[in-house]
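**Q** Got a predicted model here, sequence first, then my questions.
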Protein chains: 2
Amino acid sequence: MYDRIKGFRDFYPEEMGARREAIDTLETTARRYGFREIGTPSLERAEIWTDKSGDDIVEELYAFEDQGGRHVTMVPELTPTVARLVVAKQQALSKPIKWFSTRPFWRYEQVQQGRQREFYQTNVDIFGSSEPEADAEILAWAADALTGLGLTGEHFDFRVSHRDILGGLLESYDADVDVRDAIRAVDKSDKVDRAEYLDRLVDAGLSDGQAAEFADLIASNDLDAVVEYADTEGVTGAVDNLQAVLEAAEDFGVREYCTVSLDTARGLDYYTGVVFECFDSTGEVSRSIFGGGRYDDLIESYGGQPTPAVGVAPGYATLSLLCQRAGVWPEEALATDYYVLQVGDTHPTAARIARDLRERGHVVESDVAGRSFGAQMNYADSINAETVVIVGEQDLANDEVTVKDMASGDQVTAPVEDFPGDRDRPTIGDFE
Amino acid sequence: MYDRIKGFRDFYPEEMGARREAIDTLETTARRYGFREIGTPSLERAEIWTDKSGDDIVEELYAFEDQGGRHVTMVPELTPTVARLVVAKQQALSKPIKWFSTRPFWRYEQVQQGRQREFYQTNVDIFGSSEPEADAEILAWAADALTGLGLTGEHFDFRVSHRDILGGLLESYDADVDVRDAIRAVDKSDKVDRAEYLDRLVDAGLSDGQAAEFADLIASNDLDAVVEYADTEGVTGAVDNLQAVLEAAEDFGVREYCTVSLDTARGLDYYTGVVFECFDSTGEVSRSIFGGGRYDDLIESYGGQPTPAVGVAPGYATLSLLCQRAGVWPEEALATDYYVLQVGDTHPTAARIARDLRERGHVVESDVAGRSFGAQMNYADSINAETVVIVGEQDLANDEVTVKDMASGDQVTAPVEDFPGDRDRPTIGDFE
C-alpha cells in the first residue's frame, strides 16, 4: 500500500460534509452580492513567479517541466491568473468585474496546524472601482460570510489599516528610510519585543527618536494623531480614504466588525490602499485567519490597462480552526432522510418507494448488497437515517409497509399504495 | 502578458454558470442516492502509475520531483486514490461505501474537441457489494443525472456489456488466444473495417473461421445465442449477471436507457464484470460521452481486503457536447434578481435595501464605483437584472423609491419604508 503525500489531505465524508457546508455558505453569500463564479487552471507558466526576483513564493513552488518542455507550476495564489483573465477580455467585460472562485492552491511550506501544502481558498475580488464602497463591499461580504457560518462580533475582528498611512508616515521623515523594510518591521512587530522592533526600524533608516515616536503613533491607532503628526498629502489622503471605507462599511452594516489597526501591514508587496486581516477576537487562534486589501497596480503590471482592484481570500484550514474554537463548525456527521429496508424479494416495491422519496428531494438509501434485516438496520443507524421504511414480504401481503422513526424507535404501518402518497416528507405521525 | 497553457481552460462567468448548474445536477442526484462527498489530493506518488508497466497513462502523466525529492504526479484518474482511502479505513467504514466527488484530473494528451489536458469529472462509486443492485444503482444514478439535465431516452443510450462474456467466449475456443489483445480488437472494431477487425482477432490467436463467428456473434447482441454458442460456466454466469443487472435496472426505472452491446469493451484493464458506455443516440457526438463498470479486483491489488466495486465517472467536456447537441445545456448568461441604483448621496438607504433583499436570498448588485445613472442602468442591463430599484435623492425626499421591471420597462414608485417590507420577492405588481 502506498501512502499519501505530506501536506496533502484526504477528506472522508463526515469532514467533507462540514467543509462543503462552510464552502456553500461563503459561495452563497458571494452570489447574493453579485459575485460571479469563474473557473481557472491548476497550472500556469512558472515564469509568472520566477521572473519576479526576490519573491519568497518561488522557493515554495510545485514547478516542473511538462512533457512539452514548458516550465509550469501548480498555482500558489490566484491573483496572477485573475489578472490574466481580466486583461484577456478587458474591453468586453463590463465593469466593475466581480468574481469569486473556490479552488486548491499549492505551496511547498512547512506543514503545521492550519497550514497544508494543498489548501483551499475562496477568492473574492472586485476590479474596476477605486471607490471606498468597493473596499467596503469586500469587508461586507467577508463579515456576512462569517456571520452566515454562525460567528458573531464576539468571535472575530477585522483589523483594518491603510498601506499609505504607514508609507506616508515613513516618507515624511527627513531621513533615508527603506519603506519596505520598515513596513516589514511593523508587520513582524507582534512577534518580537519592543527593543528589537525599534532596532529594526532604525536599521530601516529611522533615528532612535523617530523609531520610538513612529512605533508609539502606530500603536495608538489614533487617526487624528496621525494627521496631526504628519499632515502630508499622502498621509491625509490615506486617512481620509480609510475613514471613507469605514463609513461605507457602516452603510453595509458591518462597521462593528472593524477595528483600526495600523500595525496590520500584510506582507504588502502588491497592496496599495486599505488592507485588513481577520483575527480570532479571543486570540486563542493566534495566527491571522485570512486577509485582503486593495491592489490597484497589479493588473497594469501584468500588461493590462490601469485597473483598480480589491479582494479577499479566506482559506478553509484557518477558518475551520476559528469556527471550531467558537463552537460553530458544522457537525461532522452523515445525514440521511430515509433508509428503505428490504426483507425478502421486495426489491421492485422498495425501489419504487426510494425513487418516489428521491423525487421529493430527500437523501434516500436502500440495500444494494443483499443483506439481512439486522445488517441493514445497523447500516441505517450508521448513516444516521431519520426514518426507516421497512418493505417486508409479510407486510406487502397485507399491502402495507412499516415506517420506523429511528430517534424514538416508534413504528407504524402505512398502506403501501399511499406511501409516500402526496406527502412531501412522510413521518410516522402521518400514519398513527 | 503571459499566456495560458495549452489544454488548460479558463471559464468566464457565463460559461462557468452553465457548468456549475450541470455539476450541481449530477451532485444533487448523487446526494439523493446517499452517495457522500469526499475530498482528495491533487498529487499522488508517481509510482502508483509508473510501477505498472505498459500502462498508456504513464506517458500522459504530469509527473515531477517535488522540492523534497518525492516522485509525484498530478492525478490522472481517481481510482487509485479512492482505493487508498478505502484501504486506509477498511475496518472503520460501514459497507457499502458510497462516495462521489467532482474534481479536475490531468493528462498530457492530444487536445481536441471535448478533450483538454485538465478535465473535470464527477466520480461515483460503490464499494463492498457484488450484487447486481449495485451495478444497477450506478446506472440509475447516471440516468437520473442525465434526465435531470433535461436529456431523455431520445438523446442518450447506455451500451451495456459484460467483461466475462467477451473473455469467456474467447477462452472457450480450443486455441491459444490472447484475451486482452482480442478484447482490444473488439474495443476498436467500430474504428476499422471488418477485414482489419478480423485480422486483429486472428493476430490475437483465433482461426479465420473462429474470428468471423465470434465477430458475428458479438455483433448480434443476442444473449441466448451467446449461451447456446458457448455454455461454459464463465459465459453463462456472465450472461446471468448481465441479465440480473438489467432486471434490477428495471426496478430502478432506468431499463429503457440500456441496450445490450457486446462490443462495448471499455479498454478494460481493470474492469471485471458489467461495463457500459453512454453514447449520443443520434451519433452526432461520435465519441463515448462517459463510461463505467465493475472493478472487483482493484482494491485488493492496492493491498486491501477483497472488495467488490462498481462506478462511473462522467466528464463535463463530453457531457456539454451531448447537452448542447440536444439543446438542453444551461443558458450561458448571467442572472441577477435586483440592481439597486443610486442617484446622488443615497448610499445608506440603497445599502439597506440591498441588504434586505440579500437576506431574502436574492442576487443583488448595487453601485460600488460611483457611476452615473446611465452607466448604472447599462450595467444593470449587462448583468440581466430583472428588477432595478432606483434610489434617488428626489424620490427619497418623498419617502419613495422607483421600482422598474427591466423586461417590460414599466416602473412604479413604492414607499421606501415598505420596500421590500414583508415581501419575499417584490416586483412592480406589488405597488401598482
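**A** The structure has been received and is ready for your questions. No experiment lies behind these values; they were computed from the predicted model shown.

**Q** Domain ranges for chain A, per the record?
**A** With automatic domain parsing as the criterion, the domains of chain A are listed as A:13-40+A:75-172+A:230-326, A:336-431.

**Q** The first one - what's its average pLDDT?
**A** Think domain A:13-40+A:75-172+A:230-326. Domain A:13-40+A:75-172+A:230-326 shows a mean pLDDT of 95.

**Q** about what we covered before: looking at the domains of chain A, which one is packed in the most?
**A** Mean neighbours per residue, mean count of other CB atoms under 10 Å in any protein chain shown, is largest over those for domain A:13-40+A:75-172+A:230-326, with a mean of 20. Bear in mind the C-beta positions are built from the backbone N, C-alpha and C, glycine included.

**Q** Touching, residue A:97 and residue A:126? I think so.
**A** Yes. Counting by CB atoms under 8 Å, residue A:126 is a contact partner of residue A:97 at 7.1 Å.

**Q** thinking again about what came up before, output the domains of chain A as CSV; include the columns distance to residue B:82.
**A** Listed next are the domains of chain A as CSV, based on distance: least, CB to CB, whole Å:
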stretch, distance to residue B:82
domain A:13-40+A:75-172+A:230-326, 12
domain A:336-431, 17
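
**Q** would you turn the ones you listed into CSV with distance to chain B?
**A** Below are these laid out as CSV (distance: least, CB to the nearest CB, whole Å):
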stretch, distance to chain B
domain A:13-40+A:75-172+A:230-326, 3
domain A:336-431, 3
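
**Q** Tell me which of the ones you listed lies nearest to residue B:9.
**A** Evaluated over those, closeness to residue B:9 peaks at domain A:13-40+A:75-172+A:230-326, with 7.2 Å, by CB to CB.

**Q** just how off-centre is that closest one within its chain?
**A** 10 Å (CA atoms, centre = their mean, to the nearest Å).

**Q** Give the full set of residues in contact with residue A:80.
**A** Residues in contact with residue A:80 (CB atoms under 8 Å, 6 or more residues apart in numbering or on different chains) are A:44, A:48, A:49, A:302.

**Q** just so I know, which of the domains of chain A lies nearest residue B:427?
**A** Judging the domains of chain A by CB to CB, what sits closest to residue B:427 is domain A:13-40+A:75-172+A:230-326, at 18.1 Å.

**Q** Endpoints of that closest one, how far apart?
**A** This stretch, domain A:13-40+A:75-172+A:230-326, spans 22 Å end to end (CA to CA, to the nearest Å).

**Q** Would you state the helices of the stretch 151-300 of chain A in chain order?
**A** Assigned by DSSP state H, counting those that start in this stretch, the helices in the stretch 151-300 of chain A fall at A:163-171, A:179-187, A:194-203, A:208-220, A:223-229, A:233-251, A:298-301.

**Q** Excluding chain neighbours, what is closest to residue A:294?
**A** With CB to CB, 6 or more residues apart in numbering or on different chains as the criterion, residue A:294 has its nearest non-adjacent residue at 3.4 Å, and that residue is residue A:273.

**Q** Now do the phi/psi pair for the one you found.
**A** For residue A:273, the backbone dihedrals (degrees, to the nearest 10) come out as phi -140, psi -130.

**Q** same check, this time on residue A:98
**A** Per degrees, to the nearest 10, the backbone of residue A:98 is at phi -120, psi 110.

**Q** cool, and the one 5 residues further on?
**A** The phi/psi pair for residue A:103 (degrees, to the nearest 10) reads phi -170, psi 170.

**Q** In this structure it contacts residue A:121, no?
**A** Yes. Residue A:103 sits in contact with residue A:121 when judged by CB under 8 Å, with a separation of 7.4 Å.

**Q** wait, is residue A:386 part of a strand?
**A** Yes. Assessed by DSSP: H, G, I helix; E, B strand; the rest coil, residue A:386 belongs to a strand.

**Q** can you pull the contacts of it?
**A** Contacts for residue A:386 (CB under 8 Å, 6+ apart) come out as A:336, A:337, A:338, A:405, A:406, A:407.

**Q** make it 6 Å
**A** Contact analysis of residue A:386 by CB atoms under 6 Å, 6 or more residues apart in numbering or on different chains lists residue A:337.

**Q** same check, this time on the one 4 residues further on
**A** When the contact criterion is CB under 6 Å, 6+ apart, the partners of residue A:390 are A:341, A:402.

**Q** so what's it bridging to?
**A** residue A:341, residue A:402 (DSSP bridges).

**Q** Just give me the residue closest to the centre of chain A.
**A** Closest residue to the average C-alpha location of chain A: residue A:314 at 3.1 Å, with CA atoms, centre = their mean.

**Q** Backbone dihedrals for it, both of them.
**A** Dihedral pair for residue A:314: phi -70, psi 140, per degrees, to the nearest 10.

**Q** Just give the nearest non-adjacent residue to it, would you?
**A** Closest to residue A:314 by CB to CB, 6+ apart is residue A:290, at 4.1 Å.

**Q** now that neighbour: how far from residue A:320?
**A** Remark: distance between residue A:290 and residue A:320 (CB to CB, to the nearest Å) = 12 Å.

**Q** Kindly report the same for residue A:132.
**A** The gap separating residue A:132 from residue A:320 is 31 Å, by CB to CB.

**Q** and if you look at residue A:386?
**A** Taken as CB to CB, the span from residue A:386 to residue A:320 is 26 Å.

**Q** and what of residue A:63?
**A** Residue A:63 sits 28 Å away from residue A:320, going by CB to CB.

**Q** who's in contact with residue A:398?
**A** Going by CB under 6 Å, 6+ apart, residue A:398 touches no other residue.

**Q** Backbone dihedrals for it, please?
**A** Backbone dihedrals for residue A:398, given as degrees, to the nearest 10, come out at phi -100, psi 10.

**Q** State the pLDDT value of it.
**A** In this prediction, residue A:398 carries a pLDDT score of 95.

**Q** just residue A:52 next, same as before
**A** Reported pLDDT for residue A:52: 73.

**Q** Could you report the neighbour count for it?
**A** 13 (other CB atoms under 10 Å in any protein chain shown).
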